[in-house]
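Engineer: Got a predicted model here, sequence first, then my questions.
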Amino acid sequence: MARAKLIAVAVLFAVLFSGGLFLGFKMPAWLGAGGRFKVANTATLLQQVQTLSQLVTVKYVIEKIVLLEDVKWYGDNRVLLLTHGVVKAGVDLARLQPADLEISGQRVTLRLPPAQVTDVYLDDSQTRVVERETGLLRLFDKNLEQTARQTAIDDIGRAARRSGILKDAEERAQTQVKQLLRQLGFEQMKFQGATGGS
């Protein structure tokens, strides 16, 4: 009889312990607590493969402060954004035509495509909102920061062009192509393009 009681107590203890473990794991999910997210494991599909022929030769890093205000008679919304922008430029070698290349012995005449801006973006790790203000009678405008970011990207791209990024990109492209042509055995190189021959 004592042995039966001991077995019954052990089984009861095991059931209570298992139930406690089960509730400990499931209760936070049932209550929406615990910070756990359920992630659905969906298929990953490759949509497109592109060949890149852009010779990116220069990168400008530009910082800009953007103050964007939405002023209404019943209150102002504003955001002050410190942005860290990156602008890259180079030449697209896919635009080279057979007529752009002339070879005569050890001499090469090459007309490179005009340089172009290949990418403008903000470095999110160094871009931050310095100040945000929502008027007393205004609702929070979630699009205000996004608009400020796009304004910064446009301004940074224009600033890089004004600072001569296209000229720098073309000159560096010529330098890199010269090094490649020398490795191929050519001794004289002449470039014709937007900035003239060299």
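Structural biologist: Perfect, thanks for sending it.
Engineer: where does Q179 land in three-state SS?
Structural biologist: helix (DSSP: H, G, I helix; E, B strand; the rest coil).
Engineer: what sits against it?
Structural biologist: If you count contacts by C-beta atoms under 8 Å, 6 or more residues apart in numbering, Q179 has none. C-beta here means a position set from N, CA and C on the backbone, and glycine is covered the same way.
Engineer: Next: the one 3 residues further on.
Structural biologist: The neighbours of R182, taking C-beta under 8 Å, 6+ apart as the test, are M189.
Engineer: And the strands in this structure, which stretches?
Structural biologist: Secondary structure of the chain (DSSP state E): strands located at 54-72, 75-92, 101-104, 107-111, 116-122, 128-134, 188-192.
Engineer: which of those is buried the deepest?
Structural biologist: Scoring the strands of the chain by mean neighbour count under mean count of other C-beta atoms under 10 Å gives strand 75-92 as the most buried, with a mean of 20.
Engineer: low-scoring pLDDT stretches of this protein, where are they?
Structural biologist: Applying pLDDT under 70 to the chain picks out residues 1-45, 47-52, 73, 138, 140, 193-198.
Engineer: can you redo the strands of the chain as TSV with distance to R158?
Structural biologist: Listed next are the strands of the chain as TSV, based on distance: least, C-beta to C-beta, whole Å:
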stretch	distance to R158
strand 54-72	10
strand 75-92	10
strand 101-104	33
strand 107-111	28
strand 116-122	10
strand 128-134	22
strand 188-192	27
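Engineer: So R95 is in contact with A115, correct?
Structural biologist: No - if you go by C-beta atoms under 8 Å, R95 and A115 don't touch, sitting 11.2 Å apart.
Engineer: Looking at those two now, which is surrounded by more residues?
Structural biologist: A115 (26 against 13; other C-beta atoms under 10 Å).
Engineer: got a list of what that one touches?
Structural biologist: Applying C-beta under 8 Å, 6+ apart, the residues contacting A115 are 57, 89-91, 166-167, 169-170, 173, 194.
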